[in-house]
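Participant: Could you look at this predicted model? Sequence included:
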Amino acid sequence: MRLIIRWLVTAIALMVVVLVVPGITVEGNAWIAVGVMAIVLGLVNAFLRPLLHFMACGLILLTLGLALPFINALTLWLASWICVNWLDIQFVVDGFWPAFWGGIIVSVVSFFLSMFASDEKE
């Protein structure tokens, strides 16, 4: 159940990003594209993001965490690239700055939605 809630939170956050950030667009059925993108972003965050954090740990410490939004932008762009080129889902992130702002907005919206959707047992 927790996995489904996380997927829904990520999907809602991605839909907010599509509506707010110019340069991030969806073609075709938006809900399917956002749902698939949420799955791909979750997989990229699960497998590649820890590796990116490890490789950039010196930079993260040196900048006191200011490098983390750039890692978020990279993971969002990579997930979009996988959707467009491998899965033929048109969730397009058009450049670095849309990915940067999209990564920040996904993080903030996911944080607030996760606060409301938290499990009482934890």
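Facilitator: That came in fine, so what should we check first? Everything numeric in this text was worked out from a predicted model, so none of it was measured.
Participant: Flag the shaky bits of this structure, pLDDT-wise.
Facilitator: Residues of the chain that meet the criterion pLDDT under 70 lie in 118-122.
Participant: Now name the helix or strand holding the residue positioned nearest the centre of it.
Facilitator: Most central in the chain under C-alpha atoms, centre = their mean is residue 76, positioned 4.7 Å from the mean C-alpha point. Here residue 76 is covered by helix 68-85, with elements defined by DSSP states H and E.
Participant: how far is that helix from where the chain is centred?
Facilitator: Taking C-alpha atoms, centre = their mean, to the nearest Å, one finds helix 68-85 lying 7 Å from the centre of the chain it belongs to.
Participant: What backbone torsions are found at residue 91?
Facilitator: phi -100, psi 100 (degrees, to the nearest 10).
Participant: now swap in residue 98 and tell me
Facilitator: Dihedral angles for residue 98 - degrees, to the nearest 10 - are phi -60, psi -40.
Participant: Quick check: it touching residue 22?
Facilitator: Yes - Residue 98 lies in contact with residue 22 (C-beta atoms under 8 Å); the separation is 6.9 Å. No exception for glycine: its C-beta is placed from N, CA and C like everyone else's.
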